Structures are given as structure tokens and as C-alpha cells.
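> Model the following, please.
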Amino acid sequence: MYTEDHREIITYKDVASNLKKNMLTSKRMIIALMIACTVPICIPLPMMIMGGVYEYAIVVSIPIALIIGYTVYLSIICMRQTGKINDGHFKVREDVLVNVYVRTRPKRSTRSRVDIHEYVFDFESGRQFVVNTAKKDGTRLEFAGKHSNKGDVFYVVTFDDEPNEVVLAYSGAIFQYKQ
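Numbers count the residues shown, from 1 in each chain. Down below sits the predicted model:
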């Protein structure tokens, strides 16, 4: 019989670094938008030759202004979240799993319709955590979604300003939280 605890130990610093890793997708989006800002400059080039400089400036300035505005908006959100993480404005709490189920919802695109499967974790505190399986295939969150039972302990991470919104969840069967 095993007497050792073989769970992976996570600390407050580990949780902070995982929160920053989750923000990486937002940073990639900002970089993609900045690159996309150059596309409207190149596309209407024949229009400048045929129409004139004023028409070209108007056609190019509208999409560039929209892209820059959205990029600034995403940058501000990322800076605020980074500040919250660096200042330690998040909490790791122990919570008990009440229910876990798979929810399927359609995602429509211009070409096709795809079903998205999500694991939904309901906790005793009333909080809910949703994991998109397409983004988390093969991860510990997917494992926890498949093999968790009612009454399992989870460590849920929430920001101080939104205490009911779970940002991260760690299964107590896989992880052990130590401060």
C-alpha cells in the first residue's frame, strides 16, 4: 500500500505563472492585430493609382483605425490583468465538486458548423468553471473532466474583483496546494 502522497505540489507562484501563460493567447492576438494593420495599406494600392491619394487615404484609414483601437483595448486589458497577477490580487480556494458534465454547443462559421464540447464543473460554492476540450485536449483539465466525481476537492483560482468567476481550477486528485 502506498503511504506517500504522489500529487504534484503547486504554490502561489506556480498559480501566478499559469495565469500569465493563459494570457499568452491575448498577447498573440495583439501581435496578430498589429500585423493585420499592414494589410489594408497594401490591398487598395491599385485604387490609389486609379482614383487618387484622398480616396486611398480614406479607404486605408478606416480599417487601420479600427484595428489599432481594438489592439489598444486588448493591450489595456492585458496590462490590467498582469498588474492584478503581479500584485497578488487573486485567491486560491478549496472547493468541492458537485457536478461535472459535457456540454455541446454549435459554433457556426462562414464555411461550416462545428460542435464544441466543453466540460462544465459545478462547485459547492455556486461557482462554475468551463473548459473547452478543443483547446485543452490531452491536458490534466481534460483528465479531470473525464475522471472527476461528485465530492472531489478542487483548488479554484479567482480574481479579487470577480470572486464568483473561476479563472483556473486544479483537481485535488492530481495537485496539492501549499502556500
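> what's the offset of the biggest strand by length in the chain from the middle of its chain?
When the chain is parsed with DSSP state E, its longest strand is strand 90-108. With C-alpha atoms, centre = their mean, to the nearest Å as the basis, strand 90-108 stands 14 Å off its chain's centre.
> Pairing partners for the helix or strand following it, with directions?
Following strand 90-108 in sequence order, the next helix or strand is strand 113-123 (DSSP states H and E). Strand pairing for strand 113-123, determined by DSSP bridges: strand 90-108 (antiparallel), strand 128-132 (antiparallel).
> Point out the most buried one among those strands.
With neighbours taken as mean count of other C-beta atoms under 10 Å, the strands paired with strand 113-123 reach their highest mean count in strand 128-132, at a mean of 16. Backbone N, C-alpha and C define where each C-beta goes, glycine included.
> Mean confidence (pLDDT) on that strand, please.
For strand 128-132, the mean pLDDT works out to 82.
> and the strands paired with strand 113-123 as TSV, adding distance to residue 78?
Shown next, in TSV, are those (distance: least, C-beta to C-beta, whole Å):
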stretch	distance to residue 78
strand 90-108	15
strand 128-132	20
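> who wins for proximity to residue 172 among those strands?
Residue 172 sits nearest to strand 90-108 of all the strands paired with strand 113-123, at 7.5 Å, using C-beta to C-beta.
> angle of the top helix by length along the chain against strand 90-108?
In the chain, with assignment by DSSP state H, the single longest helix is helix 53-86. Interaxial angle of helix 53-86 relative to strand 90-108 (axes from the mean of the first three to the mean of the last three C-alpha atoms, to 10 degrees): 140 degrees.
> Just the buried positions in helix 53-86, please.
Residues 56, 59-60, 63-64, 67, 71, 78, 81, 85 are the ones in helix 53-86 that count as buried (16 or more other C-beta atoms under 10 Å).
> which helices and strands sit right next to that helix?
Counting contacts by 3 or more C-beta pairs under 8 Å, 6 or more residues apart in numbering; DSSP states H and E, helix 53-86 packs against helix 12-22, helix 24-36, helix 39-42, helix 45-50.
> In terms of mean pLDDT, which of those ranks lowest?
Lowest mean pLDDT of the helices and strands packed on helix 53-86: helix 45-50, a mean of 59.
> circling back: export the longest strand of the chain to CSV, keeping only CA atoms.
As requested, C-alpha coordinates have been extracted for strand 90-108 and formatted as CSV (Å, rounded to 0.1, in the frame of the first residue of the first chain):
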residue,chain,number,x,y,z
PHE,A,90,-6.1,36.6,-6.8
LYS,A,91,-7.1,33.9,-4.4
VAL,A,92,-6.7,30.1,-4.4
ARG,A,93,-9.6,28.4,-2.6
GLU,A,94,-10.5,24.9,-1.9
ASP,A,95,-13.9,23.9,-3.3
VAL,A,96,-15.9,20.7,-3.6
LEU,A,97,-17.2,19.4,-6.9
VAL,A,98,-20.9,19.0,-7.1
ASN,A,99,-21.3,18.0,-10.8
VAL,A,100,-19.3,17.7,-14.0
TYR,A,101,-20.8,17.2,-17.4
VAL,A,102,-20.1,17.7,-21.1
ARG,A,103,-21.9,20.5,-22.8
THR,A,104,-22.1,20.6,-26.6
ARG,A,105,-22.8,23.8,-28.4
PRO,A,106,-22.6,24.6,-32.1
LYS,A,107,-20.1,27.1,-33.5
ARG,A,108,-21.0,28.5,-36.8
